[in-house]
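Novice: got a predicted model here, sequence first, then my questions.
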Amino acid sequence: DTGVSQDPRHKITKRGQNVTFRCDPISEHNRLYWYRQTLGQGPEFLTYFQNEAQLEKSRLLSDRFSAERPKGSFSTLEIQRTEQGDSAMYLCASSLVGTEQFFGPGTRLTVL
Amino acid sequence: KNEVEQSPQNLTAQEGEFITINCSYSVGISALHWLQQHPGGGIVSLFMLSSGKKKHGRLIATINIQEKHSSLHITASHPRDSAVYICAVLMDTGRRALTFGSGTRLQVQP
């Protein structure tokens, strides 16, 4: 296993369109996290899964955002009706319980 | 006020210099992470610590739980150390996600 992977790496979309990102964690990791990072800032927490259960969501995760991890393996993050303020780097990380988090390369979203 | 504060925000050093980046936090924590982020976005975990000191190569991380402060030191800095260094904490509230500082941008000049 080569680590956490994310797809796509870059996404350009027009305002109002829906986008979906995928994260494949390290295979034995049961925890999966989504973060968002805007330019010049540190990442901010969006949501986290333990296995297939979504255990915590940030207030940043408006009703336009939805995340799933249906089989406790890969996860998807969907943004509906994108806005220019959604432009950011979306980072995924995974971990075992009580261990450090390993980050993916991120998906950079640009909303025109 | 942010729960995790880093200083300095930007740092320029000459190759070979000893570098210190500071992190202060205002909440109870169970662990603190130091992360490195290169241009293009990839984040690499450098250290996870809850007490004392850890060393890996030219990197040293220390934490003082009573003072709610951590430092990341780089000895014999090199241009390849140029990156953004981010401090992140795992709060002791049971929350499992990290809370991040805004990062320190380090530029090491040859």
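Specialist: Okay, I see it. Just so we're clear, the structure is a prediction, and the values are computed from it rather than from any experiment.
Novice: in chain A, which residue sits nearest chain B?
Specialist: Here the residue of chain A nearest chain B is A:Gly42; by C-beta to the nearest C-beta that distance is 3.4 Å. For the C-beta atoms, the positions are set from N, CA and C on the backbone; glycine is no exception.
Novice: these two touch, right, that residue and B:Ala88?
Specialist: Yes. Using C-beta atoms under 8 Å, A:Gly42 is in contact with B:Ala88, at 7.3 Å.
Novice: quick one: contacts for the residue nearest to A:Val4 when sequence neighbours are not counted?
Specialist: Sequence neighbours aside, A:Gly104 is the residue nearest to A:Val4 in space, at 3.7 Å (criterion: C-beta to C-beta, 6 or more residues apart in numbering or on different chains). Contacts for A:Gly104 were tallied using C-beta atoms under 8 Å, 6 or more residues apart in numbering or on different chains; they are A:3-6, A:23, A:91-93.
Novice: which residues does the closest residue to chain A within chain B contact?
Specialist: Closest approach of chain B to chain A (C-beta to the nearest C-beta) occurs at B:Phe100, with a separation of 3.4 Å. The neighbours of B:Phe100, taking C-beta under 8 Å, 6+ apart as the test, are A:35, A:42-44, B:4, B:86-88.
Novice: which of the contacts of A:Gly104 count as buried?
Specialist: A:4-6, A:23, A:91-93 (16 or more other C-beta atoms under 10 Å in any protein chain shown).
Novice: on that earlier part again, the more surrounded of A:Gly42 and B:Ala88?
Specialist: Using other C-beta atoms under 10 Å in any protein chain shown as the criterion, A:Gly42 and B:Ala88 rank with B:Ala88 on top: 27 against 22.
Novice: can you confirm that one is in a strand?
Specialist: Yes. Counting by DSSP: H, G, I helix; E, B strand; the rest coil, one finds B:Ala88 located in a strand.
Novice: now do the helix or strand containing B:Lys54, average pLDDT.
Specialist: Here B:Lys54 sits within strand B:52-56, counting by DSSP states H and E. For strand B:52-56, mean pLDDT rounds to 95.
Novice: next structured bit after that strand?
Specialist: Of the helices and strands lying after strand B:52-56 in sequence (DSSP H and E), the nearest is strand B:59-64.
Novice: now, the contacts of A:Gly104 that are in strands?
Specialist: Residues of the contacts of A:Gly104 located in strands (DSSP state E): A:5-6, A:23, A:91-93.
Novice: out of these, which comes closest to B:Leu106?
Specialist: A:Leu91 (20.1 Å; C-beta to C-beta).
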